[in-house]
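# Build the 3D model from these lines:
(2 chains)
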Amino acid sequence: AQSVTQLDSQVPVFEEAPVELRCNYSSSVSVYLFWYVQYPNQGLQLLLKYLSGSTLVESINGFEAEFNKSQTSFHLRKPSVHISDTAEYFCADRYNFGNEKLTFGTGTRLTIIP
Amino acid sequence: GAVVSQHPSRVICKSGTSVKIECRSLDFQATTMFWYRQFPKQSLMLMATSNEGSKATYEQGVEKDKFLINHASLTLSTLTVTSAHPEDSSFYICSARRGQFGNNSPLHFGNGTRLTVT
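Numbers count the residues shown, from 1 in each chain, chains lettered A, B, ... in the order given. A predicted model of the protein is given here:
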């Protein structure tokens, strides 16, 4: 069975500091991995995804994540955060055979401190 | 701009009444839509997969008679919470995939509906 673990429920970071949000997956077969961001009272927006190819994927707003098969991780990083990055971040995976269901982690609330 | 529209964004209803939530794909056809439920400070839990023209597939533990799903067209799926009770109060989010099953298109999510049952 698939599962996605986000170890940190809350991460406070000072503005312009770097941040890493951790995500580990447990599937023993190929997966697709995603990071979604949720702003208050809104749905989810796709931040970035790993499907295949380069293990380092980037978003348009400065976030990046690296797929690490040996460590079964897909941590999200940003070298310098901004106040507007305050949100809930969800890691998700999708078993790439037979269905399109996303399995979400429990989320990490990123709070940027001015 | 938004490609999946969810309505209403907020609804308050009395215990025992039914509430319908709509999910529309705005500029694409979605043969499959997904309904999620999110409790405060928790992750999204998949409730059901809505398939156009056929019955929805419910996840284990989700009562299909309580959460009625109708996917009558390629751009609209509805979730009806029947005989709502306070424990049904939650944030409901729909999502839809642009394109055919098996491609790599991401899911597009609606902005969610916050249901409060008094």
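# Given the lowest-mean-pLDDT helix or strand in chain B, what are its sheet partners and their directions?
Counting by mean pLDDT, DSSP states H and E, chain B has its least confident helix or strand at strand B:107-109, which shows a mean of 86. Pairing partners of strand B:107-109, with direction, according to DSSP bridges: strand B:90-97 (antiparallel).
# Name the surrounding residues that touch the partner strand.
With C-beta atoms under 8 Å, 6 or more residues apart in numbering or on different chains as the contact definition, strand B:90-97 has outside contacts at A:43-44, A:100, B:3-4, B:6, B:21, B:23, B:25, B:28, B:30, B:32-40, B:44, B:47, B:77, B:79, B:105-115. The C-beta positions use only the backbone N, C-alpha and C, and glycine is treated the same way.
# and the residues you listed, which of them are in helices?
The helices in this structure, assigned by DSSP state H, contain none of the contacts of strand B:90-97.
# Can you select the buried ones from those residues in PyMOL?
Only the buried members of the contacts of strand B:90-97 enter the following PyMOL selection, criterion being 16 or more other C-beta atoms under 10 Å in any protein chain shown:
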select buried, (chain A and resi 43+44+100) or (chain B and resi 4+6+21+23+25+30+32+33+34+35+36+37+38+44+47+77+79+106+107+108+109+110+111+112+113+115)
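# and chain A, which residues reach chain B?
Residues of chain A lying close to chain B by C-beta under 8 Å from any C-beta of the partner chain are A:9, A:32, A:34, A:36, A:41-46, A:49, A:51, A:90, A:100-107, A:109.
# now do 6 Å
For chain A, the residues found near chain B under the criterion C-beta under 6 Å from any C-beta of the partner chain are A:Q42, A:G43, A:L44, A:L46, A:L51, A:K101, A:F104, A:T106, A:G107.
# Could you dump these into a markdown table with distance to A:E64 and pLDDT added?
What follows is those, written out as a markdown table (distance: C-beta to C-beta, whole Å; pLDDT from 0 to 100):
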| residue | distance to A:E64 | pLDDT |
| --- | --- | --- |
| A:Q42 | 23 | 80 |
| A:G43 | 23 | 81 |
| A:L44 | 19 | 87 |
| A:L46 | 14 | 90 |
| A:L51 | 15 | 83 |
| A:K101 | 26 | 76 |
| A:F104 | 20 | 90 |
| A:T106 | 22 | 90 |
| A:G107 | 19 | 93 |
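# Mark which of these are buried, thanks.
Applying 16+ other C-beta under 10 Å to the residues of chain A next to chain B, the neighbour count classes A:Q42, A:G43, A:L44, A:K101, A:F104, A:T106, A:G107 as buried.
# Max pairwise distance over those residues: which two?
Every pair in those was compared (C-beta to C-beta); the two farthest apart turn out to be A:Q42 and A:K101, at 21.7 Å.
# Of all the residues in chain B, which one is nearest chain A?
Shortest chain B-to-chain A distance, computed as C-beta to the nearest C-beta: residue-wise this is B:F109, at 3.8 Å.
# from the residues of chain A next to chain B, which is closest to B:K64?
After measuring the residues of chain A next to chain B against B:K64 - C-beta to C-beta - the closest member comes out as A:K101, at 17.0 Å.
# Would you check how far apart the closest one and B:S95 are?
11 Å (C-beta to C-beta, to the nearest Å).
# what is the residue of chain B closest to chain A paired to in the beta sheet?
The residues listed as beta-bridge partners of B:F109 by DSSP bridges are B:S95.
# Geometric centre of the chain: which residue is closest?
Since you didn't name a chain, this refers to chain A. When C-alpha atoms, centre = their mean is applied to chain A, the residue found nearest the centroid is A:W35 (3.4 Å).
# should've been chain B
Ranked by distance to the mean C-alpha position of chain B (C-alpha atoms, centre = their mean), the top residue is B:W35 at 3.5 Å.
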